[in-house]
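Visitor: Quick one, fold the following:
(chains A and B)
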2 protein chains.
Amino acid sequence: MYRSHTNGALRIEHVNQEVTLSGWVQKSRDKGFMIWVDLRDRYGITQLIFDEERTEAAVIEKAKTLGREFVIQIKGKVIEREAKNKNIPTGDIEILVNELEILNEANLPPFTIEDETDGGEDIRMKYRYLDIRRNPVKNNLIFRSKVTQEVRNYLSNQDFIEVETPYLIKSTPEGARDFIVPSRMNQGEFYALPQSPQTFKQLLMVGGMDKYFQIVKCFRDEDLRADRQPEFTQIDCELAFVEQEDILGIFEGMTRHLLQKVNNVEIGDFPRMTFEHAMKTYGNDKPDIRFGMEFGELNSVAQQKDFKVFNDAELVVGIAVPGAASYTRKEIDKLISWVKRPQVGALGMVYVKCNEDGTFKSSVDKFYNQEDLAAWAKATGAKAGDLICVLSGPANKTRAQLSALRMELAERLDLRKANEFAPLWVIDFPLLEWDEETERYHAMHHPFTSPKLEDIALLDTDPGKVRANAYDLVLNGNEIGGGSIRIHDKETQSLMFKHLGFTPEEAKEQFGFLMNAFEYGAPPHGGLAFGLDRLVAILGGQETIRDFIAFPKNNSGRDVMINAPAPVTEAVLSEVNINITTPKE
Amino acid sequence: MYRSHTNGALRIEHVNQEVTLSGWVQKSRDKGFMIWVDLRDRYGITQLIFDEERTEAAVIEKAKTLGREFVIQIKGKVIEREAKNKNIPTGDIEILVNELEILNEANLPPFTIEDETDGGEDIRMKYRYLDIRRNPVKNNLIFRSKVTQEVRNYLSNQDFIEVETPYLIKSTPEGARDFIVPSRMNQGEFYALPQSPQTFKQLLMVGGMDKYFQIVKCFRDEDLRADRQPEFTQIDCELAFVEQEDILGIFEGMTRHLLQKVNNVEIGDFPRMTFEHAMKTYGNDKPDIRFGMEFGELNSVAQQKDFKVFNDAELVVGIAVPGAASYTRKEIDKLISWVKRPQVGALGMVYVKCNEDGTFKSSVDKFYNQEDLAAWAKATGAKAGDLICVLSGPANKTRAQLSALRMELAERLDLRKANEFAPLWVIDFPLLEWDEETERYHAMHHPFTSPKLEDIALLDTDPGKVRANAYDLVLNGNEIGGGSIRIHDKETQSLMFKHLGFTPEEAKEQFGFLMNAFEYGAPPHGGLAFGLDRLVAILGGQETIRDFIAFPKNNSGRDVMINAPAPVTEAVLSEVNINITTPKE
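Guide: Sure, this is the predicted structure:
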């Protein structure tokens, strides 16, 4: 038996017990006549003491050889510490060691195994197995495990069945790029790894499973933006005989359950916001509503004067930045530079300081008088002491720019509190979105998303205005889940395919087996999927998903620890009948 | 709202309530003045009644158009049935319908959606989404979901952390064939899909995770024998600071928990059997111990006479088949033909009838007298009325043949009761096994399995005799789990690699990152993995894993429902820089 207790278990009431402990040497302090060692495992740290007067000389000698991260086993007696450490649960006691065995030696780690390490991202990823020993990473993984267990508990209690869908499926040309897998037994043919179990979960509804969920890996061969992973995990759900309201209710409940169980936070009813409102008020379909700075549209109060820039703009829109009237000229110039960065792309920014004395000072005083600016303050909700930031230009672009500015300012003003949670539903998404490149409409969600009945007539006259029964769950400015009610009848589905520019043959070719299944009694159904990596990160008060994945890949899709992907032998390639081609220049 | 209740919910106490139900038309009986419809969903069946006297004519007319598997919604009143059906929970009531909406029509299904269907395997797999509507398949999937949830509950309560390991990893030449995935971003390089998370779970132990589990898909590109799947699910576990005894205890507990929770069966301590004993007594390392027919070795009592076949044999071994002395000559001839089939491969079979009067009648009476045969009966434990079946030849082969015969007879005698559970641990597996083809020893489990300390000296003198700290959990004649204590120190690992014929360079090339990790303080660790598909099938009283997988593949690795694998376009291939080669003749 390697241990009688873990290193997080012993308390003052264990004093005088003989115990056996195992773990890693966190650190060791050699005072000559006494050696203290912090022994660490997943559960905590226990202090060991080797004392010249009470410990055998041979044991002391061995203790002197211990390096950081050595794996040891000790036997000894629990004693009360003279100097207690209130910062750790085992801080009242220490172990007077009488036996010491070195279970494994350790090379000096390439970075310190401490909460605040001296290791950079690259080296920590290469030695991820050492990085995981650090509390922040370890605790994130434990947190993730707890979240998934709570998801399962909640959904199981709601009669959901977890069904595993296949990973070796079929490539479809819609959507993102698939990872493909050559088949050896079916020469010249390929599996694809699933981008999501979408069609399978719909088939499970046709199959009468009624309430399905799965926590499942999905795969997308995309050029990785920061904090995207080629493999990611989804909480995938689908329900039959439901309307949008049923689904929102169940998953609002799930999110509330998680906040309660893992964050100890009670949240009431989630607010709901239409896509249109979200775009107008926050310039964004996933608004962070932990703070205000809602958009004030200024066209009616800013386009009556001689300021050509505003007069020519489709939209003039501003936000009131709380307490920022005190910004210096230099600080404001910095903000202006920030919105002009290519990533944001604004041409400039107009500002108005709302002075404490009720007067205004703006960068466009030449064109606008105090009364004009008071109207701006009213439209943006600015109070004395605030700074109004105003952008103008084409409506969609300008909203996106102002949204970026709003988020940036919230960061700077520390308004995005990690331990504050503000979920909301964004509903009534457009069914279709115009694709400039192909000059046709694409399904915003996917081709099986059902349009709102009352909007169907618009498909012929103004397709971009058709709203879908589609919804996103947004938490702290991140989309953590999204879904829709699906089309389950042939007529609507044909109509959709027509408007998406599919011929019946193309539709059959690409979605044949699902279309076929729909001929045999498909129930009304709908669902949604949560991005687990992101959900866990946000519940954990962070936004970097990589920190909540045990073995993440870097931005080139590479696992630098195991060095994958990697070349394979000719023999392996020949078994699956493929060749590597020379890349085109 | 599509329903106020499911079709399994209504009881006599709901009489007079107005309800809304949705579901599929299971069947409909039209008596002219009355129509009864069985409405089905996942939860049960509720009988609907349309009655000329009490239902509107238009509703009746619509009801007459209903076909099997139509999806409908009805509103009506719960009434007490005149003729109650004690076979279903809703059998006391029926619904007098006053509104009927057809939510979706259905083509005639290609097979009947009944417990006993008229559809063959192929058609049911092609229309798996309809097959899933049938109770036996549906219940298997629900059962599987319950098993996995109970596994998670048990392990979470034991402080295990579920950690997701990556699916896009690196191909290794050891073990079975990998599925490979070409990388687009890293041209000419490939990921491999994991055959198991073995190295990652060991790295998690190096990382201090202490107790890890994961229910995870694994992939093996093997030629599929019956009832093997290219993708399968594993309950994968690993623990640090444990000895074999700790692991057996925890997973015996898990199996007992499952039997209790999902089968309502209480099982005491699991028997343990060495590999050597299992092979000698059952000819098999996964013996079904729900029944006897243990092997009796007959060399000492059968090789003293003139029967050359036995005298020349390395092993003469028999089993006593209970009650089979009454078999006719024809039946026995059939048995002899059975053991001579190429799949079994025996050259013949000697038999002894143990008559009720205490005499014996054998096929070798010419060579053996009554006293000889009595000794055989004693060695095999045969009683009056039994039939002794005896095979002879090279020891290993003969044991395997007799094991096959023993299982076949158990099937015929109905000794393999689906609702009886007989788990056992098989322990002390050999560390190495001789591979005839490459003429060297291979790791029986994998190269990180630790040898028993007391056997290490044998590595140099008699490697085949070295026992490993490896164990299998066997249930009803199936290996449902297996694992080992791993090597965690450099010296033993080097010794192992040497004996497996790896040069240090080869070892580094193939297992470099794990070997490297072991330099930084690897704790003693071990683990095991359960085959979830098989475990669920056996707990479900069946042995065909395909019946417990929602969307299984056939023996050519093909999903006949979605028709995968499939060709992909040139454009897709060119993105990942591969070509299809012409297969070699």
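
Visitor: The stretch 251-400 of chain A: helices as residue ranges?
Guide: Taking DSSP state H, counting those that start in this stretch to define them, one finds helices in the stretch 251-400 of chain A at A:275-282, A:299-302, A:308-311, A:329-340, A:370-380, A:395-412.

Visitor: Which one, of the ones you listed, ends up nearest to residue A:7?
Guide: Residue A:7 sits nearest to helix A:395-412 of all these, at 38.1 Å, using C-beta to C-beta. Using the backbone N, CA and C atoms, a C-beta is placed for each residue, glycine as well.

Visitor: Relative to the whole chain's centre, how far out is that closest one?
Guide: 20 Å (C-alpha atoms, centre = their mean, to the nearest Å).

Visitor: Going by neighbour count, list what's buried in that helix.
Guide: By 16 or more other C-beta atoms under 10 Å in any protein chain shown, the buried positions in helix A:395-412 come out as A:395, A:398-407, A:409-410.

Visitor: and the residues you listed as CSV, adding distance to residue B:301 and pLDDT?
Guide: Below are the buried residues of helix A:395-412 laid out as CSV (distance: C-beta to C-beta, whole Å; pLDDT from 0 to 100):
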residue, distance to residue B:301, pLDDT
A:395, 98, 96
A:398, 98, 97
A:399, 94, 97
A:400, 91, 97
A:401, 95, 97
A:402, 96, 98
A:403, 90, 98
A:404, 90, 97
A:405, 95, 97
A:406, 92, 97
A:407, 88, 96
A:409, 94, 96
A:410, 89, 96
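
Visitor: What separation is there between the nearest residue to residue A:63 once chain neighbours are set aside and chain B?
Guide: If the residues on either side of it in the chain are set aside, residue A:63 comes closest to residue A:50, at 4.5 Å by C-beta to C-beta, 6 or more residues apart in numbering or on different chains. To chain B, residue A:50 is 20 Å away according to C-beta to the nearest C-beta, to the nearest Å.

Visitor: Surely residue A:459 forms part of a strand?
Guide: No: counting by DSSP: H, G, I helix; E, B strand; the rest coil, residue A:459 is not part of a strand but helix.

Visitor: shouldn't it be in contact with residue A:497?
Guide: No: look at residue A:459 against residue A:497 with C-beta atoms under 8 Å: they stay out of range, at 11.7 Å.

Visitor: Tell me who's in contact with residue A:219.
Guide: Applying C-beta atoms under 8 Å, 6 or more residues apart in numbering or on different chains, one finds that residue A:219 lies in contact with A:178, A:179, A:193, A:194, A:195, A:230, A:231, A:232, B:167, B:168.

Visitor: nearest to chain B, of the helices of the stretch 251-400 of chain A?
Guide: Across the helices of the stretch 251-400 of chain A, chain B has its closest neighbour in helix A:275-282 (24.7 Å, C-beta to the nearest C-beta).

Visitor: Report all helices and strands that the closest one contacts.
Guide: helix A:395-412, strand A:423-427 (3 or more C-beta pairs under 8 Å, 6 or more residues apart in numbering or on different chains; DSSP states H and E).

Visitor: circling back: okay if I get the helices of the stretch 251-400 of chain A as a markdown table plus distance to residue A:426?
Guide: A markdown table is the format used below for those (distance: least, C-beta to C-beta, whole Å):
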| stretch | distance to residue A:426 |
| --- | --- |
| helix A:275-282 | 5 |
| helix A:299-302 | 24 |
| helix A:308-311 | 29 |
| helix A:329-340 | 25 |
| helix A:370-380 | 22 |
| helix A:395-412 | 14 |
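
Visitor: Of all those helices, which one is nearest residue A:481?
Guide: Per C-beta to C-beta, nearest to residue A:481 of these: helix A:275-282, 15.2 Å.

Visitor: What residues of that closest one count as buried?
Guide: A:275, A:278, A:279, A:280, A:281, A:282.

Visitor: what's the closest of those residues to residue B:15?
Guide: Nearest to residue B:15 among the buried residues of helix A:275-282, with distances taken as C-beta to C-beta, is residue A:275, at 46.1 Å.
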